[in-house]
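Engineer: no FASTA, just this:
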């Protein structure tokens, strides 16, 4: 009997307590924003981080000299740690100042003056006795700090050339910043000579960066490269204190993940309080954050839309941002509806529950969403998702007519109009080139179609027929998809980063079906995202899918993905397909230095025509974002370029607490029924036990009486 009583009492106690536990969120400060992430970051080092799942954290922690203006459109830059916008000086080959219109521009100098009294977040690196044990045991907020100087920016720029960092933008920057390539050579030699010691970058001068005084420095670049100023708003150019680099180089640090990859140190509005990428990431208010206030003015209409609700208030407006790791969309969606997440996207599984599309095509929230006063923001992202071919691969790569024909045939067979309808609920625009709407050079209608995939008729774009694609397969040497060497269907390998979720498996099945139209068998090799990135980096991927979000609103930021000197395998750049066409490379150099206008548009059209013909990638689609948020969030103006928007967000804590309590009232009657059943069962067991316990006593009494 005792074996039954204890478990029943334990179950009763647990159920009683469970009736009061509805909120899955951990104990946090009241002024906390709750969100989620679906892919763990690989690195939070500002010299390396480039993926969106990394930038959402890095952008809040680190501060480059400039930032994208939050409110004004078209997008423009504004000072962040810089006191004012950089002074730009054009120089001749003797480094003497000349005018911007002079044909003999040999160099351009950017002079930056910093705001005074900006301090780094509290960090162990600024302590005289910091070591691995102190980092693992002490609270970071109790650590010292120091003031930001121009030397910290110089140190980070040098890190771009360090072989121990392997920055993805080194190749691009080495082509522009004077002396960066030479610095790389010296650091490679020093790293080989000192393999297990700290590489103190202060000891290695960089010709192109000059320290004027502790709060001023200049960067000298080759020729005239106007987009360079945009890079000064990106984390790659955020300051790094040499003390942190020295600390992380100590023995035992790397083996314990005590590196810039996992323990960033910046001057931004937030610092990384908790880093558990498989469960939770927490950003907390930087107690040393310099004074920055919410903008007082915006564009016409911004005030009426509520975008200036917090005008003049000290930033950041929240104390913490709690990001929970969510692998699946359904649990995330349910927690959002309960109010446990302040915002969410819309997955395919939840689209019909959230969005109603009327007969005329207008997009509205469903009545259920309106009842909860949920807000919807939609925007075409300055981005494109694509399927790429490794141009170094002997089968899908190359520049001969036969190799082009294979890629063009696949481009026709893979119907992205269908993909958008099936998997995105129409939330996308089929891409005809890398350039998305809103970027100079984007062409609508007949002028913008990819003629190798589509044709224009009766005012609409139409995909070329499958028979035409099959004729291209014959030209490529694979009639009906048969490999002439094996006399069997051609097998191509598609490397992907994804889980085994039903949605991902459905997409894989769809891709196989598209390739099968041409008789090609598609072998899908799915791995974790970090492993997938390594395969692309080393050229092991044959076919892959990826996406690119604009770092800044200029066509150069999309076209540079196809420059030969930016190849992923040979140069460590962002040209993941390793495309290298001398004609395109020459056009790109002209596009970079030409201002927006007819001449630049003509150059862009020629460059895109080459990409369409060579087909190093299938252009895929430009995504349309549907973002949902609860009414207690302050209105946030959509901004697809800026990566430091967290500091502008605020929460009406009273409204949130009230609604979360209202939406999550415990339903007690099932618990009452369950408890009744348990009590009745328990009573029956007790009665049974008593009868069994009394029976021997009765028998002994009858025997004594006789």
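Structural biologist: Yes, it's here. Values in this document were obtained by computation on a predicted structure and should not be read as measured data.
Engineer: C-terminal to the helix or strand harbouring residue 420, what's the next element?
Structural biologist: Assigned by DSSP states H and E, residue 420 belongs to helix 416-423. Next helix or strand after helix 416-423 toward the C-terminus (DSSP H and E): strand 428-430.
Engineer: what mean pLDDT does that next one have?
Structural biologist: What strand 428-430 shows for mean pLDDT is 95.
Engineer: for residue 71, what are its contacts?
Structural biologist: Taking C-beta atoms under 8 Å, 6 or more residues apart in numbering, we find residue 71 in contact with 295, 297-299, 302, 307, 637. Placement of C-beta: from N, CA and C, glycine included.
Engineer: just residue 106 next, same as before
Structural biologist: 91-93, 95, 222-223.
Engineer: same thing but at 10 Å, please
Structural biologist: By C-beta atoms under 10 Å, 6 or more residues apart in numbering, the contact list for residue 106 reads 90-96, 98, 222-224.
Engineer: thinking residue 426 is in contact with residue 352, fair?
Structural biologist: No: with contacts counted by C-beta atoms under 10 Å, residue 426 stays clear of residue 352, the gap being 11.9 Å.
Engineer: any chance of the contacts of residue 106 in JSON lines, plus distance to residue 498 and pLDDT?
Structural biologist: Listed next are these as JSON lines, based on distance: C-beta to C-beta, whole Å; pLDDT from 0 to 100:
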{"residue": "90", "distance to residue 498": "48", "pLDDT": "96"}
{"residue": "91", "distance to residue 498": "49", "pLDDT": "96"}
{"residue": "92", "distance to residue 498": "53", "pLDDT": "94"}
{"residue": "93", "distance to residue 498": "52", "pLDDT": "94"}
{"residue": "94", "distance to residue 498": "55", "pLDDT": "94"}
{"residue": "95", "distance to residue 498": "51", "pLDDT": "94"}
{"residue": "96", "distance to residue 498": "56", "pLDDT": "94"}
{"residue": "98", "distance to residue 498": "53", "pLDDT": "93"}
{"residue": "222", "distance to residue 498": "41", "pLDDT": "96"}
{"residue": "223", "distance to residue 498": "42", "pLDDT": "93"}
{"residue": "224", "distance to residue 498": "42", "pLDDT": "92"}
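Engineer: Domain map for this structure?
Structural biologist: As assigned by automatic domain parsing, the chain contains the domains 2-20+667-705, 32-331+628-655, 383-625.
Engineer: Ranked by average pLDDT, which of those falls at the bottom?
Structural biologist: domain 2-20+667-705 (a mean of 63).
Engineer: what about the helices in the stretch 201-350 of the chain?
Structural biologist: Secondary structure of the stretch 201-350 of the chain (DSSP state H, counting those that start in this stretch): helices at 228-231, 242-248, 329-337.
Engineer: For residue 280, which of the ones you listed is the nearest?
Structural biologist: helix 329-337 (13.4 Å; C-beta to C-beta).
Engineer: Please enumerate residues in contact with that closest one?
Structural biologist: The set of residues external to helix 329-337 that reach it, using C-beta under 10 Å, 6+ apart, is 23-25, 34-38, 324, 326, 340-350, 353-354, 368-369, 372, 374, 501, 503, 628-630, 663.
Engineer: Which of those fall within strands?
Structural biologist: 34-37, 324, 343-345, 628-629 (DSSP state E).
Engineer: And those, which is closest to residue 515?
Structural biologist: After measuring the ones in strands among the contacts of helix 329-337 against residue 515 - C-beta to C-beta - the closest member comes out as residue 345, at 29.1 Å.
Engineer: Could you report the separation of residue 55 from residue 692?
Structural biologist: In this view, residue 55 and residue 692 are 69 Å apart by C-beta to C-beta, to the nearest Å.
Engineer: Of these two, give the one with the bigger neighbour count.
Structural biologist: residue 55 (20 against 10; other C-beta atoms under 10 Å).
Engineer: Mind telling me what element that one is part of?
Structural biologist: helix 52-61.
Engineer: Give the other helices and strands that that helix contacts.
Structural biologist: strand 32-37, strand 270-276, strand 280-285, strand 320-325, strand 543-549 (3 or more C-beta pairs under 10 Å, 6 or more residues apart in numbering; DSSP states H and E).
Engineer: Mind putting the ones you listed into TSV with mean neighbour count and distance to residue 47?
Structural biologist: Shown next, in TSV, are these (neighbours: other C-beta atoms under 10 Å; distance: least, C-beta to C-beta, whole Å):
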stretch	mean neighbour count	distance to residue 47
strand 32-37	20	22
strand 270-276	19	16
strand 280-285	21	20
strand 320-325	20	23
strand 543-549	20	19
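Engineer: Ok, which of the ones you listed comes nearest residue 646?
Structural biologist: The minimum distance between residue 646 and these falls on strand 320-325, with 5.7 Å, by C-beta to C-beta.
Engineer: elements contacting the closest one?
Structural biologist: strand 32-37, helix 52-61, strand 270-276, strand 280-285, helix 329-337.
Engineer: can you pull the buried residues of the longest one?
Structural biologist: Buried residues in helix 52-61, counting neighbours by 16 or more other C-beta atoms under 10 Å, are found at 52, 54-61.
Engineer: and if you look at the last one?
Structural biologist: For helix 329-337, the neighbour count (16+ other C-beta under 10 Å) marks 329, 332-333, 335-337 as buried.
Engineer: Return the two entries of these that lie farthest from one another.
Structural biologist: It's 329 and 337 that sit farthest apart of the buried residues of helix 329-337, by C-beta to C-beta, at 12.5 Å.
Engineer: Can you tell me which of the buried residues of helix 52-61 is closest to residue 646?
Structural biologist: The closest of the buried residues of helix 52-61, once distances to residue 646 are taken by C-beta to C-beta, is residue 60, at 4.8 Å.
Engineer: Distance of the closest one relative to residue 243?
Structural biologist: 22 Å.
Engineer: Present the ones in strands among the contacts of helix 329-337 as TSV; the columns should include distance to residue 574.
Structural biologist: Below are the ones in strands among the contacts of helix 329-337 laid out as TSV (distance: C-beta to C-beta, whole Å):
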residue	distance to residue 574
34	33
35	27
36	27
37	22
324	30
343	29
344	29
345	25
628	31
629	31
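Engineer: Can you show me the helices along the stretch 451-600 of the chain?
Structural biologist: Under the criterion DSSP H, counting those that start in this stretch, helices of the stretch 451-600 of the chain are mapped to 466-476, 502-516, 529-537, 556-559, 568-571, 582-593, 598-614.
Engineer: Point out the most buried one among those helices.
Structural biologist: helix 556-559 (a mean of 22; mean count of other C-beta atoms under 10 Å).
Engineer: elements contacting that helix?
Structural biologist: By 3+ C-beta pairs under 10 Å, 6+ apart, helix 556-559 packs against helix 228-231, strand 543-549, helix 582-593, helix 598-614.
Engineer: ok, and what's touching that helix?
Structural biologist: Applying C-beta under 10 Å, 6+ apart, the set of residues contacting helix 556-559 is 225-227, 230-231, 382-384, 433-436, 439-442, 548-551, 563, 574, 584, 587-588, 591-593, 600, 603-604, 607-608, 611, 641.
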